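# Turn this into a structure:
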Amino acid sequence: MSVITEVSPDGQKLTISIKGRFDFAKHREFRESYETTDVRNAVVVDLKDATYLDSSALGMLLLLRDHVGGEAADVRLINSSSDVRKILAISNFDKLFDIT
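Residues are numbered from 1 along each chain as shown. Below is the predicted model:
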C-alpha cells in the first residue's frame with residue numbers, strides 16, 4: 001500500500017502517509033483515504049517517504065483541502081524533502097497549507 005491512513009485514538013486527527021511517487025496513479029487511493037472517514041478537525045499529510053510530486057498530486061491536495069473545509073481547514077504537510085518542498089513553494093502552496 002502506498003497511501004496509509006491513520007486516525008488518532010481520539011478521532012480528531014487524520015494522518016495520510018504517502019509512500020513513493022505521489023502522482024495520478026494514487027488518485028483513487030488518496031481520495032478514499034479521506035472520504036471514508038469523518039475526521040475534519042485536523043488532517044496531516046506525511047510526505048516523508050514521497051519521492052516525487054506532480055501536478056496531479058497538487059490537485060489532489062487542493063481537493064483534500066476543499067473536502068475538509070477550504071480556507072478554514074487545518075491541513076498540514078509534514079516531513080517533505082527539499083525537492084518536494086521546492087515544488088510546493090513554486091506552486092505557492094505555502095500560502096494554502098502549513099508546510100513543515
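
# Surely Tyr52 is within a strand?
Yes. Applying DSSP: H, G, I helix; E, B strand; the rest coil, one finds Tyr52 inside a strand.

# burial measure for the closest residue in space to it that isn't next to it in sequence, as a count.
Closest residue to Tyr52 apart from its sequence neighbours, by CB to CB, 6 or more residues apart in numbering: Arg21 at 4.4 Å. For glycine as for every other residue, the C-beta is placed from the backbone atoms N, C-alpha and C. Arg21 is surrounded by 15 other residues when neighbours are defined as other CB atoms under 10 Å.

# same thing with Leu53?
26.

# you'd agree it is up against Val84?
Yes. With contact defined as CB atoms under 8 Å, Leu53 counts as touching Val84 (5.1 Å).

# Distance from the helix or strand where the residue nearest to Tyr52 lies to the middle of the chain?
When elements are assigned from DSSP states H and E, Arg21 belongs to strand 13-22. Strand 13-22 sits 6 Å away from the centroid of its parent chain (CA atoms, centre = their mean, to the nearest Å).

# So which residues of the chain form strands?
Using DSSP state E, the strands found in the chain span residues 3-7, 13-22, 42-53, 75-78, 98-99.

# So what sits opposite the residue nearest to Ile99 when sequence neighbours are not counted in the bridge?
Take Ile99 and drop its neighbours on the chain: the residue closest to it by CB to CB, 6+ apart is Leu77, 4.7 Å away. Here Leu77 shows beta-bridge partners Val45, Ile99, assigned using DSSP bridges.

# how many other residues sit next to Leu77?
When neighbours are defined as other CB under 10 Å, Leu77 has 24 of them.

# That one contacts Leu96, doesn't it?
No. Between Leu77 and Leu96 there is no contact under CB under 8 Å: 9.6 Å.

# ok, the spatially most central residue of the chain to Asn79 distance?
Nearest to the mean C-alpha position of the chain, by CA atoms, centre = their mean, lies Val45 at 3.7 Å. Distance from Val45 to Asn79, counting by CB to CB, to the nearest Å: 9 Å.

# what's the answer for Thr36, then?
For Thr36, the distance to Asn79 (CB to CB) stands at 23 Å.
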